[in-house]
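Enquirer: just coords:
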């Protein structure tokens with residue numbers, strides 16, 4: 001009987017030791033995994049930062065035509081298409097905004113863009129379109145359009161192959177994906193830069 005008790009006690013101690021060892025190994029594994037994940041995320045952030053720095057150094061957008069630093073005074077957040085030829089209709093530069101009705105960034109800039117370009121259109125200086133791609137409507141007209149013309153689609157695809165919104169194209173020379181001053185909630189700065197870019201293509 002005593003031998004049986006000793007054997008049983010020994011087995012229990014062995015099992016307890018085994019479980020304790022497994023628990024320790026599991027904890028170490030979790031710690032190692034956490035270290036790997038944290039290090040990997042930091043590495044990813046650093047790589048993204050380096051990529052962004054390289055992109056800024058080359059002044060290249062994530063996608064679209066080859067670009068250079070903007071050359072017009074007051075134009076800061078747009079890219080400038082290298083060796084650009086101003087696209088025109090009826091001898092006037094064409095200005096585009098491509099957006100959607102469900103995009104909050106598009107809605108933030110919508111009224112400002114429409115107001116600014118409408119002033120230039122009324123003055124006979126430019127032709128402008130604001131295509132909402134989910135409704136196929138040009139918000140700058142009272143009519144409700146039902147399709148985006150192929151020429152406008154080609155411009156959108158050229159300057160933003162990834163299909164992001166909002167996308168601005170000013171005279172096929174200056175272009176930008178996203179708003180330039182939304183993080184500061186500064187619609188006045190947005191309007192001022194739009195005017196600077198438009199003024200640069202009508203000179």
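Expert: Looks like it came in fine. Source: prediction; values computed, not measured. Numbering: from 1, shown residues only.
Enquirer: what is the lengthiest strand in the chain packed up against?
Expert: The longest strand of the chain (DSSP state E) is strand 92-99. In terms of contact count using 3 or more C-beta pairs under 8 Å, 6 or more residues apart in numbering; DSSP states H and E, strand 92-99 is assigned the packing partners helix 104-122, strand 127-132, helix 150-159, strand 167-170, helix 187-202. C-beta coordinates here come from the backbone N, C-alpha and C atoms, glycine included.
Enquirer: 10 Å - rerun?
Expert: Helices and strands touching strand 92-99, by 3 or more C-beta pairs under 10 Å, 6 or more residues apart in numbering; DSSP states H and E, are helix 104-122, strand 127-132, helix 150-159, strand 167-170, strand 174-177, helix 187-202.
Enquirer: direction included, what does it pair against?
Expert: According to DSSP bridges, the neighbouring strands of strand 92-99, each with its direction, are strand 88-89 (antiparallel), strand 127-132 (parallel), strand 167-170 (antiparallel).
Enquirer: most tightly surrounded among those?
Expert: Among these, ranked by average contacts under mean count of other C-beta atoms under 10 Å, first place goes to strand 167-170 (a mean of 27).
Enquirer: just to revisit the earlier point, closest one to residue 161 among the strands paired with strand 92-99?
Expert: The stretch from those with the least distance to residue 161 (C-beta to C-beta) is strand 167-170; that distance is 10.5 Å.
Enquirer: pLDDT (mean, whole number) over that closest one?
Expert: Taken as a whole, strand 167-170 carries a mean pLDDT of 98.
Enquirer: same thing with stretch 129-147?
Expert: Looking at stretch 129-147 alone, the average pLDDT works out to 97.
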